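**Student:** please work out how this folds:
(chains A, B, C and D)
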Number of protein chains: 2
Amino acid sequence: MTADGARFQRVAPVRLYQRIVEQIEQAIASGDLKPGQRLPSERELVNQFGASRPTVREALRVLESDGLIRSRHGDPHGPEILPFTTAGLAKEMTRLARFERLSMAELISFRMILDGSASQLAARLRTDDELAAMEGTVTAMTHAIDAGDEEFSKADVAFHEAVARASRNALIEVSNLVVRGAVRTLITDKVAHADNRRALMRTSLRHHQEVLEAIRTRDGLAAARISRRTLYDYYAGYVAEEERGPLLALVEGEGA
Amino acid sequence: MTADGARFQRVAPVRLYQRIVEQIEQAIASGDLKPGQRLPSERELVNQFGASRPTVREALRVLESDGLIRSRHGDPHGPEILPFTTAGLAKEMTRLARFERLSMAELISFRMILDGSASQLAARLRTDDELAAMEGTVTAMTHAIDAGDEEFSKADVAFHEAVARASRNALIEVSNLVVRGAVRTLITDKVAHADNRRALMRTSLRHHQEVLEAIRTRDGLAAARISRRTLYDYYAGYVAEEERGPLLALVEGEGA
DNA sequence: CGCCGTAACTGGCCTGACCAGTAAGCTCAC
DNA sequence: GTGAGCTTACTGGTCAGGCCAGTTACGGCG
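**Tutor:** I've put the predicted structure just below:
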């Protein structure tokens, strides 16, 4: 009878609060509830869902922890629907980094891949406006070389963001953002050593100019190659020598 | 007095359940609580934290939704600490795909980047054992060409997983997994059209063999190029013509 | 017209209770 | 002695009702 036709899935008891979460998630995903709009008050939700307040609150806490809503103590308008953010993704990724023994080398090589690809795409797809934006950030870097490294790294970040944006791929943009954050939190002593700091900035600046030039001339492969090389030069020092293999594999053999 | 020296951050009221979440998260992250171990019962946690049961439960629901623990109704041993999984990351990424109007083109080009880079790294870093594993999956594909497309795509996935594993980068491995899943859920009618199915499989098989050959000879650039081209050929049909620019940008100009 | 106090909500948290599910231990028949 | 089955003492799931603190809108005051 039940030979081979039907496949069944493992079932788990569905708790009330989960149903509430699902309904609200669905409403947000479908656009019925837009960012900025408000949910009814907890007591009103109790009425609508026919559940008790603790149950409704469990659902709200989960939604809040997922970054979908925020409820403020005393707010007469009720919980607020939040705009979508990548904070959750970032949290998950740093969690991955901490739990699953993600090494510095892995993070950096991932960053090299993302940034390289972003540069490659940007070289092909950029508009003149976007190019101008990148140029703006590079001149900002030039000026910031004397203004201190906080300004410099700010302009640095702006450059990479401009490139990522020009890649026209939100996934690249977000991943890049997240990985950059993860790398930064892992390197606490980056701002150290005042003596070679200016030299480092100059090198970094020159590399960025080269990437920019490649993007200007729409040479995608060169942009990717130089971009990876830049990151390698900048970060290799933070990786033990015996772990640099993967990084080198990404910069080697891409032309002289 | 308060001239410019101190910078302050915006503060948000910390709720009780959050403190509980933090403590338990911390205990798990630090290794004090290992997967498989159990948390005390809710009532016991109420004692230890000095909070009420609804509050403790809110914390547990959040931890559960984050995939850190699981509590089963009636289980006398209490909530279980779960091993780390990438399910949360996958969830966040699909959420990103749904909310932030991620286009098919973006997903596919991201997949091309990841898979290409994985191939490139694998070509440099693979051991002979790993190479043998890849060869095994390709021969499985060869045999599956007559066995039906479910078997075939299974072997296909196995190949890409083997390559990703050989890349020695957990981040690539996970992202690839996640993106592959997202692409698959977006293509529901992939198994369609029986007539060209076998031809498609043959083409795909040939491409995979080429990638494998490049990995065998440790030619990273070729592996990356062919890998991207393979994905392009396979998926381009699902992307509107005017949106194929980014995809082409990733395959063009990488040598003839 | 602008300020300020107050009132009517809001969410945060608690107590205490009931029901349903699990598993260990006991009982008992074999 | 040993296995099957029942009992029991827990567990988590849910509810009702209540108190306190924070927010905001409104109306009265200057």
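**Student:** residue numbers of the stretch 151-256 of chain A in contact with chain B?
**Tutor:** Contact residues (C-beta under 8 Å from any C-beta of the partner chain) of the stretch 151-256 of chain A with chain B: A:167-172, A:174-175, A:179, A:220-221, A:245-246, A:249-250, A:252-254. Every residue, glycine included, has its C-beta placed from N, CA and C.
**Student:** which among the residues you listed end up buried?
**Tutor:** Neighbour-count burial (16 or more other C-beta atoms under 10 Å in any protein chain shown) applied to those gives A:167-172, A:174-175, A:179, A:220-221, A:246, A:249-250, A:253-254.
**Student:** taking these, tell me the two that lie furthest apart.
**Tutor:** Using C-beta to C-beta, those span at most 30.5 Å, a distance reached by A:A170 and A:G253.
**Student:** so how far is A:I81 from A:I28?
**Tutor:** 6 Å (C-beta to C-beta, to the nearest Å).
**Student:** could you give the angle of the host helix or strand of A:R111 to helix B:104-125?
**Tutor:** Assigned by DSSP states H and E, A:R111 belongs to helix A:104-125. If you take axes from the mean of the first three to the mean of the last three C-alpha atoms, to 10 degrees, helix A:104-125 sits at 130 degrees to helix B:104-125.
**Student:** helix A:104-125 near chain B at all?
**Tutor:** Yes - judged by C-beta under 8 Å from any C-beta, helix A:104-125 comes into contact with chain B at A:E106, A:L107, A:S109, A:F110, A:I113, A:L114, A:S117, A:Q120, A:L121, A:A123, A:R124, A:L125.
**Student:** and the fifth one, what does it touch?
**Tutor:** By C-beta atoms under 8 Å, 6 or more residues apart in numbering or on different chains, A:I113 lies in contact with A:R228, A:L250, B:I113, B:L114, B:S117, B:I172.
**Student:** and for stretch A:239-252, what's in contact with it?
**Tutor:** With C-beta under 8 Å, 6+ apart as the test, stretch A:239-252 has contacts from A:103-106, A:108-109, A:112-113, A:116, A:225, A:228-229, A:232, A:235-236, B:117, B:120-121, B:123-125, B:167-169, B:220.
**Student:** list buried residues within those.
**Tutor:** Neighbour-count burial (16+ other C-beta under 10 Å) applied to the contacts of stretch A:239-252 gives A:103-106, A:108-109, A:112-113, A:116, A:225, A:228-229, A:232, A:235-236, B:117, B:120-121, B:123-125, B:167-169, B:220.
**Student:** contact residues of the stretch 1-150 of chain A facing chain B?
**Tutor:** Neighbours of chain B within the stretch 1-150 of chain A, by C-beta under 8 Å from any C-beta: A:13, A:17, A:21, A:29, A:54, A:57-58, A:61-62, A:65-66, A:73, A:84, A:86, A:88-89, A:92-93, A:95-96, A:98-100, A:102, A:106-107, A:109-110, A:113-114, A:117, A:120-121, A:123-125.
**Student:** near DNA strand C, which of these show up?
**Tutor:** Among the residues of the stretch 1-150 of chain A next to chain B, the residues within reach of DNA strand C (C-beta under 7 Å from any atom of the strand) are A:P13, A:P54, A:R57, A:H73.
**Student:** the residue of chain A at minimum distance from DNA strand D: neighbour count?
**Tutor:** Closest contact between chain A and DNA strand D, by C-beta to the nearest atom of the strand, is at A:G74 (2.6 Å). The number of residues packed near A:G74 is 5, by other C-beta atoms under 10 Å in any protein chain shown.
**Student:** which SS state does it fall under?
**Tutor:** Assigned by DSSP: H, G, I helix; E, B strand; the rest coil, the conformation of A:G74 is coil.
**Student:** backbone dihedrals for it, please?
**Tutor:** With angles defined as degrees, to the nearest 10, A:G74 sits at phi 90, psi -10.
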